[in-house]
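Novice: sharing a model prediction with you, sequence too.
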There are 6 protein chains.
Amino acid sequence: MPVESRTTIREGRASDALRPLALERGVAEYAEGSCLVSFGKTRVLCTASVEPGVPGWRKGRGEGWITAEYAMLPRATRTRTPRERAQLGGRTQEIQRLIGRSIRAMLDDFRFGEHTLRVDCDVLQADGGTRTAAITGAAVAVADAFDAMSSAGVIPVSPVKRLVAAVSVGVVDGAPMLDLDYDEDVRAAVDMNVVMSGEGRFVEVQGTGEHGTFDRAELDALLDLAVSGIQQLQDAQRTARAGT
Amino acid sequence: MPVESRTTIREGRASDALRPLALERGVAEYAEGSCLVSFGKTRVLCTASVEPGVPGWRKGRGEGWITAEYAMLPRATRTRTPRERAQLGGRTQEIQRLIGRSIRAMLDDFRFGEHTLRVDCDVLQADGGTRTAAITGAAVAVADAFDAMSSAGVIPVSPVKRLVAAVSVGVVDGAPMLDLDYDEDVRAAVDMNVVMSGEGRFVEVQGTGEHGTFDRAELDALLDLAVSGIQQLQDAQRTARAGT
Amino acid sequence: MPVESRTTIREGRASDALRPLALERGVAEYAEGSCLVSFGKTRVLCTASVEPGVPGWRKGRGEGWITAEYAMLPRATRTRTPRERAQLGGRTQEIQRLIGRSIRAMLDDFRFGEHTLRVDCDVLQADGGTRTAAITGAAVAVADAFDAMSSAGVIPVSPVKRLVAAVSVGVVDGAPMLDLDYDEDVRAAVDMNVVMSGEGRFVEVQGTGEHGTFDRAELDALLDLAVSGIQQLQDAQRTARAGT
Amino acid sequence: MPVESRTTIREGRASDALRPLALERGVAEYAEGSCLVSFGKTRVLCTASVEPGVPGWRKGRGEGWITAEYAMLPRATRTRTPRERAQLGGRTQEIQRLIGRSIRAMLDDFRFGEHTLRVDCDVLQADGGTRTAAITGAAVAVADAFDAMSSAGVIPVSPVKRLVAAVSVGVVDGAPMLDLDYDEDVRAAVDMNVVMSGEGRFVEVQGTGEHGTFDRAELDALLDLAVSGIQQLQDAQRTARAGT
Amino acid sequence: MPVESRTTIREGRASDALRPLALERGVAEYAEGSCLVSFGKTRVLCTASVEPGVPGWRKGRGEGWITAEYAMLPRATRTRTPRERAQLGGRTQEIQRLIGRSIRAMLDDFRFGEHTLRVDCDVLQADGGTRTAAITGAAVAVADAFDAMSSAGVIPVSPVKRLVAAVSVGVVDGAPMLDLDYDEDVRAAVDMNVVMSGEGRFVEVQGTGEHGTFDRAELDALLDLAVSGIQQLQDAQRTARAGT
Amino acid sequence: MPVESRTTIREGRASDALRPLALERGVAEYAEGSCLVSFGKTRVLCTASVEPGVPGWRKGRGEGWITAEYAMLPRATRTRTPRERAQLGGRTQEIQRLIGRSIRAMLDDFRFGEHTLRVDCDVLQADGGTRTAAITGAAVAVADAFDAMSSAGVIPVSPVKRLVAAVSVGVVDGAPMLDLDYDEDVRAAVDMNVVMSGEGRFVEVQGTGEHGTFDRAELDALLDLAVSGIQQLQDAQRTARAGT
């Protein structure tokens, strides 16, 4: 896990620039698909695992299912965060539901037989944007896992119709800003996470103004910024996937 | 709980019309503030309770806190839904976090002393839009509770700066539609919940396209519809509050 | 939920008089049977839900089952009571077991096919006597649910053989008293809950003297008082049921 | 734990006779008070432990508290019963609340300083009547523990004003019967547990008719039987306590 | 549970002597096998219960399974220890896994049909060495349970090939010592538990030096001491088993 | 996390050879000490975090505490292993207790002020020997964290007196073998984990023979093998620490 080549001078970054980005495939030897994604200092290990069968409520239709889990290593954070044990926190549940919905938008249907594809996004280091990095990396891991299933003859063809990618935007110190790191996120008056498909359509738009409300013009500026950032992420995904 | 005066012929409703709306204040005799809100057949009992002290992480600043809980009675739904016990579901946690953030946007700061205002939104009957009804009713209950604290001399003046209200919109059968009931919600390709302040600014925008993605034009049309609906909700809130 | 018509001047009530009583049927639109019961300011929403199948330990006999749950809304009480989550309190479990046994005494057997009838008693407002109000209201909801099953042809005939009703009695300030409200309950030296069938036989007698013991004469006086009160409750049940 | 001297020919027992009874004090070397009680084959190990301090809600009054726990060894029963772990069953909670209330009735007040007396009733073998055996044995253990505290100078004098004892009665095969064993309990149409003080007053009366209701005459017959049984138990308690 | 005949003058015991030992079979009337074992003041009630079926992961092979649980009565200890409820402590889990592995070493295979043999070791009194006493007593209970199955014709022959027994050894005050009681255990610099088969081979060796490390010579001395102690335990097991 | 330089031809390894070993320090930017350890394909991320204060039971002595947690990423394993949530498994608890005891043996006392040093060992990839790799890596992370505290002036000098390291040995296919990978571990008749200090003394010896027992000669051979392996691990630790 050498990090030296990714060092970032955040201070010099333009407000519409992404942080240094890396997508490393195949890092988990046993998983059907995996991707270690870095958005600056944020590092998330995404794996996609194929399991036989589907949850009880989906049985008997001959269709599959995709679900996601999200967790942080205790010392991913600046001070240690205790592991979530008995009760998952609301933030964690929100994030893993968001990842699950986003990944499921990569398919038009679930006609790949009664398999469950389980996505695990484990944050090794957290410096803001962990959920958007997780979605961006998980999309690659999932596409790889479906390719592996298809190569192995488990399914005739991958059901993946498009990749998805995600980025955060926010109003920081009065200005719209792309891909917030932790310090920016804490200062943001408005915070928005946007997930888009490879076809340039929205999958999720979640804007929150706990430290201040926002008007239509601000909303529009944030969406513009997000769209431009996601296009760069999608280029990187394509490049990474091409390098098989 | 007589319901006859609220009977709704949903079929005849225009796509930009709210369902029949009712806001009944003071229904919970022991609570500092309460409001029974109906959006059509959806009925939510909202109470606001004042408790001394604040959570540990806020102690010592002389500031208060506002938090929310959301639950459904088991037979609020068409078929019985088991009570959530050991582990709150992700949907429930998402909703109560959304209600909490929305209600906190009614204040500019928490300088009302070390009191906790606890909002409980209990769904008596669920026909779609329970989270937006809950926010709209809770805003009234909370404003009443702060008025009660102020009348009782516990605080010099209510810290409430504005009400908030919320509505759902969605793309149903290809057309944008306001205030979805359960049947419409199930059919919606895109579903969006919007929370706005009385000053006409956004507090939250949450758009999801699990059964389909959406483009910028659709997003704009949904936002327009939400804004018009929320203005009607805010009129009803003012009328209800005026009738003290 | 207008309450004005039920206002009670408790001070003027005779020691052998019930509090103002109301039984409102059909308040939960989706439930097979429902009844909102008021004993003075105590208000309990009782629903009866029919579900296919029976618990594992009863399978294969072709018989049904009836079970009950009891809960309080957090602000049913004078100060807010936290929701019971991971571990149900002993008081709650005692009450829901008592409701279940009482309701099952309405039948001579469970030969109505492998259906489970689930009774939910949710206390909207608590001013003493919530368990006895719950039993009295649940009996009506359950009789209605079985009638609905029979009308729908799910079962040939309702298995209900009798209603049951319940009331609390106690020794307060040295004198036996009927249908205790919260203030009386707190002061009671002896507290007794009595459940009786429509045929005038006992289903449950639970007398407790934590703040003092009691002799046979006191026990007899309390039982007499309970019997007279339950007869009035049973008249009200019959009237409510007649007004279909 | 030799059991031979307690073998019982239940068949020959009169309907108003107790099963062979044993109260063995001091069996748990480390506990402040202990009593191994046998009602026939039912064997319960009761210990009373003194701990400094009281629960939070009682602090600052200078008063003590008494509380009880009840559990069964897994193989106390004819077929193995799993241990109760995360969630205590309703039956267990009911029983430990009943034991707690009964034992607290041994005192007129809790003015013995901020100590908690914790009663543990662990069923080694279960053949019906475990809760009544537990109360009868726990009363002895608790009296001994308070004597030990007084001898040790922790309190000036024991606050115990009276012992309590308990027995079950029921209508079995149409006839009232005292001190039911497991087979009788299963067959009982009506089942009643009665707790009385050494002064001959009732502490608790809990009668249940799940397999049939009961009238006033049956109730009276059961109470008579219980009173006679409890007097024998109280004689045995006095004898055991005298043999220090 | 008379204890007088087992009183121990620990002070006079040689460093290579066991504490007074007792193995009492058949103490739990309902269990297929049971043994109350005493190592000095340590007393553990061991039962072996036969249940139909095996855990899910073993189904379909026609083989059985053996598993163990370990618990302490709250007042087995010098000061009361709260019961373990939601989360089993690490120490408890370690011990019950050790007991399970040790008991399974009594068999060469599990070809006794799809039965589960459940061992329960409940500590009535704890004075050090509870896990080694539990293993030594459980071995007897399990052998008896398999004999009972075989006598009852459930299995043709007992699968037990050998007994196992266990003892603790440690370095106390600089010297190796056998069968540590609680006071010795607390002072021990090195603590080792050894489980051996009746054939004189090791099943488990667990040496720990939290308060100090140990060299090869100390390890050898401790093992020698353990071997000699276990031979005495195995003699006692054979004597107890012979006295059927 | 490039793995190519560590590829291992296990088949060619001598029975007394370690797998390819790597110790990478400083991989977790926010942690006071960290080490990514690889024993062949087994990869464990070890962090050491310093927190103010100590657990309640240690307060007031002016001494610190060291504790450890162990977990596996879900797809560290060949097939996905669900995350441990409400109840930690017995294996996990055993391992984290073992790591904690081993690391505490690096100090002679805890006189470094009321700080808690929390060790987290998260398995990224599991191919046997995760607990021994975790101990070996954690020792480095902990030594680094104490050095960091000392450099920062939080403590005058590091309390670390020695490193510890650990390795597994076993009898596989009849022969003693060092540092078992997963396939060897599954086949092992006897499995032993040994922890030693830098001074060549034993900290822990845990030998288990679930699939077969072992005699003194086998035990001696396994210990010899472990000692030789641990010396190589200690050399690697010293080299890694020297390269600051």
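Specialist: Yes, it's here.
Novice: local confidence estimate at A:R238?
Specialist: Listed pLDDT for A:R238 reads 96.
Novice: contacting residues around the residue positioned nearest the centre of chain A?
Specialist: Residue closest to the average C-alpha location in chain A (CA atoms, centre = their mean): A:I135, at 1.3 Å. A:I135 is in contact with A:L98, A:I99, A:S102, A:I103, A:V164, A:A165, A:A166, A:V195, counting by CB atoms under 8 Å, 6 or more residues apart in numbering or on different chains. Just so you know, the C-beta spots here come from the backbone N, C-alpha and C atoms, and that holds for glycine as well.
Novice: which helix or which strand is home to A:G207?
Specialist: Element membership for A:G207 (DSSP states H and E) is strand A:202-208.
Novice: what's the angle from that strand to strand B:202-208?
Specialist: Here strand A:202-208 runs at an angle of 160 degrees relative to strand B:202-208 (axes from the mean of the first three to the mean of the last three CA atoms, to 10 degrees).
Novice: does any part of strand A:202-208 sit near chain B?
Specialist: Yes: using CB under 8 Å from any CB of the partner chain, strand A:202-208 reaches chain B at A:F202, A:V203, A:E204, A:V205, A:Q206, A:G207, A:T208.
Novice: do stretch A:71-91 as well
Specialist: Yes: counting by CB under 8 Å from any CB, chain B is contacted by stretch A:71-91 at A:A86, A:Q87, A:L88, A:G89, A:G90, A:R91.
Novice: before we move on, the earlier item: which ones, among the residues of strand A:202-208 next to chain B, also lie beside chain D?
Specialist: Near chain D, by the rule CB under 8 Å from any CB, you find none of the residues of strand A:202-208 next to chain B.
Novice: related to what we said a few turns ago, out of the contacts of A:I135, what pair is the most spread apart?
Specialist: Farthest-apart pair in the contacts of A:I135 is A:L98 and A:A165; separation 13.4 Å (CB to CB).
Novice: and for those two, which residues touch both?
Specialist: A:I135, A:V195.
Novice: which parts of chain A are helices?
Specialist: A:90-104, A:130-151, A:182-187, A:216-242 (DSSP state H).
Novice: can you put those in TSV and add distance to E:V171?
Specialist: TSV is the format used below for the helices of chain A (distance: least, CB to CB, whole Å):
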stretch	distance to E:V171
helix A:90-104	47
helix A:130-151	50
helix A:182-187	51
helix A:216-242	59
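Novice: tell me the most buried of these?
Specialist: helix A:130-151 (a mean of 26; mean count of other CB atoms under 10 Å in any protein chain shown).
Novice: now do that one, average pLDDT.
Specialist: Here the average pLDDT along helix A:130-151 is 98.
Novice: before we move on, the earlier item: from A:A76, how far off is the residue nearest to the centre of chain A?
Specialist: Using CB to CB, to the nearest Å, A:I135 is found at 17 Å from A:A76.
Novice: next: A:V171.
Specialist: 26 Å.
Novice: for chain E, what's its nearest residue on chain A.
Specialist: A:A86 (7.6 Å; CB to the nearest CB).
Novice: so who does that residue touch?
Specialist: A:A86 neighbours (CB under 8 Å, 6+ apart): B:A86, B:Q87, C:A86, E:A86, F:R85, F:A86.
Novice: for the first one, give me the pLDDT.
Specialist: Which is B:A86. Looking at B:A86, the pLDDT reads 74.
Novice: and A:F39, bridged to which residues?
Specialist: A:L21, A:T42 (DSSP bridges).
Novice: repeat for A:H115
Specialist: Under the criterion used (DSSP bridges), A:H115 bridges to A:P52.
Novice: who's more crowded, A:V171 and A:A76?
Specialist: A:A76 (26 against 21; other CB atoms under 10 Å in any protein chain shown).
Novice: hmm, the more buried one is touching A:L124, no?
Specialist: Yes: in this structure, A:A76 is within contact of A:L124 by CB atoms under 8 Å, at 6.0 Å.
Novice: which bits of chain A sit near chain C?
Specialist: So chain A meets chain C at A:A86 (CB under 8 Å from any CB).
Novice: so where's chain A shaky on pLDDT?
Specialist: For chain A, the stretches flagged by pLDDT under 70 are A:1-12, A:210, A:244.
Novice: mind checking how far the closest residue to A:R131 other than its chain neighbours is from E:K59?
Specialist: Counting by CB to CB, 6 or more residues apart in numbering or on different chains, A:R131 lies nearest to A:I95, which is 4.7 Å off, once chain neighbours are set aside. Distance, A:I95 to E:K59, using CB to CB: 37 Å.
Novice: list the beta-bridge partners for the closest residue in space to A:A31 that isn't next to it in sequence.
Specialist: The shortest distance from A:A31 to any non-neighbouring residue, by CB to CB, 6+ apart, is to A:T47 (4.0 Å). For A:T47, the beta-bridge partners are A:S34, A:D120 (DSSP bridges).
Novice: who are the contact partners of A:T47?
Specialist: Contacts of A:T47 by CB under 8 Å, 6+ apart are A:A28, A:A31, A:G33, A:S34, A:V119, A:D120, A:A141, F:L73, F:P74, F:R75.
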